[in-house]
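> here is the input, now give the coordinates:
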Amino acid sequence: MTYKNLSPNFAIKDVNKTVDFYTNVLGLNCIMTVPEEGQFVWAMVQVDGLTIMFQEQKNLTDEYPQLEKYLIGGTLTFYINVTDIQKHYDNLKDKATIAKDLHTTFYGATDFAIEDCNGYILTFSQSAD
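Numbering: from 1, shown residues only. Next comes the predicted model:
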């Protein structure tokens, strides 16, 4: 068996609002929705090697009832490796809620984190090399 990639599927309340945030604020491309028009119950956004899916909470818990007990936003963060982190930070600092300001980590990377429109934490990181 070979692991090929990871595409998280976020439980959310409003797929259209989330697609708008990820396309207009973060610059990802919406590549697929269900349904194709109107109020979406699922969508996929992508840029470069990053793919994220969003699914309306009730639709997702119909599929996985064991998820009903969890809140949207979760107790996890998403760690996204980028290049030119200063440019990303400058672009996002006035468009998104900063969860953690630009800083150098104990392992030498430069990171900052934002909170998306659903309460998920996205950490952007650039390695020291």
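> contacts and neighbour counts: CA atoms only from here.
Will do.
> any idea how far Tyr107 lies from Gln126?
Separation of Tyr107 from Gln126 (Cα to Cα, to the nearest Å): 11 Å.
> and if you look at Lys100?
Between Lys100 and Gln126 the computed distance is 15 Å (Cα to Cα).
> hey, which helix is longest across this structure?
In the chain, taking DSSP state H as the definition, the longest helix is helix 15-24.
> what's the mean pLDDT across it?
In this model, helix 15-24 carries a mean pLDDT of 98.
> number of residues surrounding Phe124?
20 (other Cα atoms under 10 Å).
> what residues does the helix or strand hosting it touch?
In this structure, Phe124 sits in strand 121-126 according to DSSP states H and E. Residues outside strand 121-126 that contact it (Cα atoms under 8 Å, 6 or more residues apart in numbering) are 73, 76-85, 99, 109-116.
> select only the buried ones of those in PyMOL?
Per 16 or more other Cα atoms under 10 Å, the buried members of the contacts of strand 121-126 correspond to this PyMOL selection:
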select buried, resi 73+85+110+111+112+113+114+115+116
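> the contacts of strand 121-126 in strands, which ones?
Judged by DSSP state E, the subset of the contacts of strand 121-126 located in strands is Thr77, Phe78, Tyr79, Ile80, Asn81, Ala99, Thr110, Asp111, Phe112, Ala113, Ile114, Glu115.
> what residues are up against the first one?
By that I understand Thr77. Applying Cα under 8 Å, 6+ apart, we find Thr77 in contact with Tyr120, Ile121, Leu122, Thr123.
> for Phe10, see how far away it is.
For Thr77, the distance to Phe10 equals 12 Å [Cα to Cα].
> also the fourth one?
When distances are taken as Cα to Cα, Ile80 and Phe10 turn out to be 15 Å apart.
> ditto for Asp62
Note on Asp62: its distance to Phe10, by Cα to Cα, is 14 Å.
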